[in-house]
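**Q** sequence isn't available, so here's the structure alone:
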């Protein structure tokens, strides 16, 4: 069973739902787009796979540490990580998300991807 782990040393920007027009005018989308690009580049340096094998299934564990109080929905942060890390994330069949407010670690996240043997 393959396991990949990484630590993201910065804030996780939440998913932003948008239209084609908003991609060019919404400042929130620009931040989200920059986050996605940076996260994928960081994942590359950490040895995370770029694509998930369509014949296998996976489990994803996301632990988000916040220096203060949560300011957005946890599921939107997890979605942004999944969208950033993998172009096709439908093979992730198990998702565990946790957030820790006032964690003392600053804004950061740990991500663990495991191949599931069925």
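**A** Structure received. Because the structure is a prediction, the values reported are computed rather than measured.
**Q** how about the strands in the chain?
**A** For the chain, the strands defined by DSSP state E cover 3-8, 57-65, 92-100, 108-116.
**Q** how about CSV for the ones you listed, with mean pLDDT, mean neighbour count and distance to residue 85 added?
**A** Backbone N, C-alpha and C define where each C-beta goes, glycine included. Formatted as CSV, the strands of the chain follow (pLDDT from 0 to 100; neighbours: other Cβ atoms under 10 Å; distance: least, Cβ to Cβ, whole Å):
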stretch, mean pLDDT, mean neighbour count, distance to residue 85
strand 3-8, 96, 15, 9
strand 57-65, 95, 19, 9
strand 92-100, 94, 14, 10
strand 108-116, 95, 18, 7
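**Q** dump those strands to TSV, plus distance to residue 19.
**A** Shown next, in TSV, are the strands of the chain (distance: least, Cβ to Cβ, whole Å):
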stretch	distance to residue 19
strand 3-8	28
strand 57-65	27
strand 92-100	26
strand 108-116	28
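**Q** which other helices and strands contact the lowest-mean-pLDDT helix or strand in the chain?
**A** Lowest by mean pLDDT, DSSP states H and E among the helices and strands of the chain is helix 22-25, with a mean of 76. Counting contacts by 3 or more Cβ pairs under 8 Å, 6 or more residues apart in numbering; DSSP states H and E, helix 22-25 packs against helix 27-45.
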